[in-house]
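In: Below is the sequence, then the predicted model.
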Amino acid sequence: MKKEITIEYQELASAAELEADDKRLLDEAERITSASHSPYSGFHVGAAVMLGNGEILSAANQENEAFPSGLCAERSVLFYTFSKFPDVPITAIAIVAKRGDRLTDEPTRPCAACIQVMLDAENRAGKPVKIILGSAGKIEVINSVHDLLPFAFNNLK
Ligand code: THU
């Protein structure tokens, strides 16, 4: 039997089309790219999460001389959030990247390892986590992490 999976997501022409909270989250993701330590790749990623209580936390990618033993921006902020606020649901995550001081022309999509951790945030919250991917041009909004990883590893459950 042949089966098919389709995902729906939104493409916006600019950040001006975002809802106010999503715009605030994306702005914070962009702001925190300044904390990126990325002398090896030159790729400065920022990620910001919105909590159910309205609080925003953010982090940037951190590289290390023993490259690639660093950590992506998304997992940096997610692991910190899980540690500091283990019981507060995450409702959204915004991701953006710069090369030098210029935003990328295309949205930066999270790597597979980060998506798996984002899925954990969604499972812990028991509700979809919205993903907002910024760039100098278009913005992509994905309504649920599950949409990015429909065949997720879940055999420990
Ligand atoms: N990186 C992130 O922080 N997030 C992603 O989703 C993709 C990649 C980082 C890892 C590394 O420091 C640099 O970007 C280049 O891969």
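Out: Good, I have the coordinates. Computed from a prediction, not measured in an experiment: that's the story for all the values here. Numbers count the residues shown, from 1 in each chain.
In: alpha carbons only for contacts and neighbour counts from here, please
Out: Fine.
In: And residue 137, how far from the ligand?
Out: Look at residue 137 and the ligand: by Cα to the nearest ligand atom, to the nearest Å, they are 18 Å apart.
In: scratch that, residue 21 is what I was asking about
Out: 22 Å.
In: part of a helix, is that residue?
Out: Yes: counting by DSSP: H, G, I helix; E, B strand; the rest coil, residue 21 falls inside a helix.
In: residues contacting it?
Out: Going by Cα atoms under 8 Å, 6 or more residues apart in numbering, residue 21 touches no other residue.
In: All the strands of the protein, residue numbers only.
Out: 9-12, 43-51, 56-60, 90-99, 102-103, 130-133, 139-142 (DSSP state E).
In: Quick check: residues of the chain near the ligand?
Out: Proximity of the chain to the ligand (Cα under 6 Å from any ligand atom) is limited to residues 38, 41, 43, 45, 61-63, 72-74, 109-111.
In: Would you format those as TSV with neighbour count and pLDDT included?
Out: Putting the residues of the chain next to the ligand into TSV (neighbours: other Cα atoms under 10 Å; pLDDT from 0 to 100) gives the following:
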residue	neighbour count	pLDDT
38	17	97
41	11	94
43	19	98
45	28	98
61	24	98
62	19	98
63	19	97
72	21	98
73	28	98
74	27	98
109	17	97
110	20	98
111	10	97
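In: Narrow those to those in helices?
Out: Counting by DSSP state H, those place 73, 74 in helices.
In: so which of the residues of the chain next to the ligand would you say is closest to residue 133?
Out: residue 109 (6.7 Å; Cα to Cα).
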